[in-house]
Structures are given as C-alpha cells and as structure tokens.
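Colleague: Build me a model:
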Amino acid sequence: QVQLVESGGGLVQTGGSLRLSCEPSGGTFSNLDMGWFRQALGSEREFVAALSWREGSPYYTPSVRGRFTVSRDNAKTTLYLQMNTLKPEDTAVYFCAAAKSVHSLMVYRQADYWGQGTQVTVSS
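Modeller: As a prediction, this is how the structure comes out:
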C-alpha cells in the first residue's frame, strides 16, 4: 500500500526554523504534484504550499510566502518544507499530499494521497 510519511515536526520558539520531510512508502510519486497542508485546532485544513513536478514551480499561500520554501529532491521522491521565521499562528498539524495537479491541491484542497500528519508547535 502506497503511503506518505511526514517527519520533522516539533516544538520551536518564535522566529525559529523547522524542516519537514515527506517520503513515499511502497511506491513512487515522481509523476504527481505534491504539497503541504496544515490544520490548526478547531480550524479547517488549509493549503500551505505545493510544487509542480513538471515545471518545478512552487506555489504558496500568502501568509507563508517569503518564510517557507517547498522543494523536492532530484529523484522527485521526497518533498520538503523549510519553514523559517516561524510564528505562533503557524502552529498546526502539517500534512503532506499528492495529486494529479497543483490546481486540485490549491483550489479544491483535494488529493489522491495524504500523509498522517506531523505536529508543529511554535511557542511565543
């Protein structure tokens, strides 16, 4: 069974950095667009960032642009999210996702595969 496995979450102070990783298990996602979502307690899941596998173009929600960087390794397997200058409002469970198009991730918040999530907590 193909799964997405996230890692790298944790507790960090305001202004700190974390790097999340998302690795497929049991298959490959080299021909799928991949992205990150987050869900804070009591809130809906929101789109954070995505990467098109064809063009390599990154997409970000405005609140993280300039602070977060989404990237993928050369084999187009592992997805990363480098998070800098973290704020308390970034606190959430972060999910990795894979879909046939970035449009599906960004607009419809739909994916063919989801990870189990990793907790990111930013203390003030």
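Colleague: where does the chain dip in pLDDT?
Modeller: The chain contains residues with pLDDT under 70 at 76.
Colleague: which residues of the chain fall in helices?
Modeller: With DSSP state H as the criterion, the chain has helices at 102-106.
Colleague: That one: strands as residue ranges?
Modeller: Along the chain, counting by DSSP state E, strands occupy 3-7, 10-13, 18-25, 33-39, 46-51, 58-60, 68-72, 79-83, 92-99, 113-114, 118-123.
Colleague: report the angle between the axes of the third one and strand 68-72?
Modeller: Just to be clear, that refers to strand 18-25. Following axes from the mean of the first three to the mean of the last three Cα atoms, to 10 degrees, one obtains 30 degrees for the angle between strand 18-25 and strand 68-72.
Colleague: Each with direction, which strands does strand 18-25 pair with?
Modeller: If you go by DSSP bridges, strand 18-25 pairs up with strand 3-7 (antiparallel), strand 79-83 (antiparallel).
Colleague: do you know which of those lies nearest Gln110?
Modeller: Gln110 lies closest to strand 3-7 among the strands paired with strand 18-25, at 14.7 Å (Cβ to Cβ). All C-beta spots, glycine's among them, are computed from the backbone N, C-alpha and C.
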